[in-house]
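**Q** I'd like to go over a predicted model; first the sequence, then the structure.
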Amino acid sequence: MRHPQRLVPLFAGLAGLIALPAVADTVYTSPGGATFTPYGHLNFGITSFDDGQDETSQFTDNAASTSRLGFRLRQQFGESELTFRFETSIGFASSDDFSQTSDPDDFDWDQTNLRHVDLIYDTGRFGTFYLGQGSMASDGIGQFDTSGTGLAASVAIGDVAGGFELREANGALSGIEIGDAFATFDGTRAGRIRYDTPEFNGFTLSIAAGENILSDNNDDEFYDIAFSYEGDIGPTQVSAGVGYSVRERPGSEDREDTFGSVAVMLQNGLNFALSAGDRNTAGNYVYAKVGYETDWFDVGSTALSLDYFSGSDAVSNGDDAESFGIAVVQDFDRQNIEAYFGFRDYSYSDTSGTQFQDASSYIIGARWSF
């Protein structure tokens, strides 16, 4: 585990922020009607990975929802609304940065931490236009999930321990990382132009084109389209979508991803999620989750889930990856805190004749929104 003294500045900073007045849902309005809405969250915890031989634990930012700061500046023009959005990850070392051989700096911010620097023009009648760094059309389409446990377990398997390597039966590190062997596909963020149609009975069509503008010496171009639905069918909440994205990579084969997900929440708190994806250069996967959310305690809702992942051909033709996970998230509504715990096991095989040890991980932490 990382030396406790290295964690003192982080804990001190967290304690100081918690002592400040909460600004969640705070909106500042100018005399001209423009509104300024700040927001953010801190999301720290302990991540531990057992590769079958050694266990490594460290204090991390949770890659499932990295600590961030942002604001929205809005101005209404009749039926239309213009928004400027800025959002950045703070830059703490995240749970997918670590491995058996890598121990990144506690804090390292650079321009790639910028998540949103974009203009959004909602016409009111004719759809919404986006310009700048932000979500492509299919971002989030492969990750619909109504379980409430996404901080601890989700289709993005690599968020918790993606940098760690599987260990071979003879004790050697294989060089195969969890994030590669258990790969999932979804849209990305880029410097883009995007258009969303008006919502029609819960359905929306989105299309975007963009470039990687935050990384030096990267001329990749992105194009994608997504079709989504969010609404109620009787008493059941439904979110679903399908996306297709192309990443043109000069000097390499273009990457084409097709993916989708559906999530439902029943009136009694039971919920289900299903995701699947296929990449022309890296195999396919299926992910399923069942959850239950209820109000056992006055402080806030409790969410529980079980999930299963199965993927193939991710690292090499003929390989197979399986994972089971359990998660629990407890809300503390008054404090705007979500405390969580997640456990996951991993098994992997390929056609090389090499045997791999089973691995496991857990994450325990809390997200404080402000």
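**A** Yep, that arrived. Computed from a prediction, not measured in an experiment: that's the story for all the values here. Numbers count the residues shown, from 1 in each chain.
**Q** for the strand ranked longest in the chain, which positions count as buried?
**A** If you go by DSSP state E, the chain has its longest strand at strand 35-50. Under the neighbour-count criterion of 16 or more other CB atoms under 10 Å, strand 35-50 has 37, 39-50 buried. C-beta: built from backbone N, CA, C; applies to glycine.
**Q** helix or strand right after that strand?
**A** strand 55-61 (DSSP states H and E).
**Q** Give the buried residues for that following strand.
**A** Thr56, Gln58, Phe59, Thr60, Asp61.
**Q** re earlier: pick out whichever of the buried residues of strand 35-50 sits closest to Ile225.
**A** Tyr39 (28.9 Å; CB to CB).
**Q** hmm, back to that, can you put the buried residues of strand 35-50 in CSV and add pLDDT?
**A** CSV is the format used below for the buried residues of strand 35-50 (pLDDT from 0 to 100):
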residue, pLDDT
Thr37, 97
Tyr39, 97
Gly40, 98
His41, 98
Leu42, 98
Asn43, 98
Phe44, 98
Gly45, 97
Ile46, 98
Thr47, 98
Ser48, 98
Phe49, 98
Asp50, 98
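**Q** biggest separation within these, which pair?
**A** Thr37 and Asp50 (42.1 Å).
**Q** Ser94 is in contact with Ala64, isn't it?
**A** No. Between Ser94 and Ala64 there is no contact under CB atoms under 8 Å: 9.1 Å.
**Q** Could you pull up phi and psi at Thr123?
**A** Taking degrees, to the nearest 10, you get phi -80, psi -10 for the backbone angles of Thr123.
**Q** Could I get the contacting residues of it?
**A** Glu79, Ser80, Phe129 (CB atoms under 8 Å, 6 or more residues apart in numbering).
**Q** Dump these into a markdown table; add neighbour count and pLDDT as well.
**A** What follows is these, written out as a markdown table (neighbours: other CB atoms under 10 Å; pLDDT from 0 to 100):
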| residue | neighbour count | pLDDT |
| --- | --- | --- |
| Glu79 | 10 | 93 |
| Ser80 | 14 | 97 |
| Phe129 | 15 | 98 |
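**Q** from those, which ones fall inside strands?
**A** Per DSSP E, the contacts of Thr123 map to strands at Ser80, Phe129.
**Q** and of the contacts of Thr123, the nearest to Leu205?
**A** So of the contacts of Thr123, ranked by how close each gets to Leu205 (CB to CB), first place is Phe129, at 13.7 Å.
**Q** tell me the contacts of that closest one?
**A** Ile120, Tyr121, Thr123, Ile193, Arg194, Tyr195.
**Q** In ChimeraX, select just the buried ones from these.
**A** Typed into ChimeraX, the line below selects the buried ones among the contacts of Phe129, using 16+ other CB under 10 Å:
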select :120,194
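**Q** Secondary structure added to the contacts of Phe129, as JSON lines?
**A** Output for these, formatted as JSON lines (DSSP: H, G, I helix; E, B strand; the rest coil):
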{"residue": "Ile120", "secondary structure": "strand"}
{"residue": "Tyr121", "secondary structure": "strand"}
{"residue": "Thr123", "secondary structure": "coil"}
{"residue": "Ile193", "secondary structure": "strand"}
{"residue": "Arg194", "secondary structure": "strand"}
{"residue": "Tyr195", "secondary structure": "strand"}
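**Q** Tell me the one of the contacts of Phe129 nearest Gly187?
**A** Using CB to CB, the contacts of Phe129 come closest to Gly187 at Arg194, 10.4 Å.
**Q** any idea how far Ser310 is from the closest one?
**A** Shown here: Arg194 relative to Ser310, a distance of 32 Å by CB to CB, to the nearest Å.
**Q** the helices in this protein, which residues?
**A** Per DSSP state H, the chain carries helices over the ranges 8-19, 158-161, 178-181.
**Q** who touches the last one?
**A** Counting contacts by CB under 8 Å, 6+ apart, the residues outside helix 178-181 that touch it are 49, 96, 157-158, 161-166, 311, 314-315, 319, 321, 346, 348, 359, 361.
**Q** What is the least confident helix or strand in this structure?
**A** Ranked by mean pLDDT, DSSP states H and E, the helix or strand of the chain with the weakest confidence is helix 8-19, at a mean of 44.
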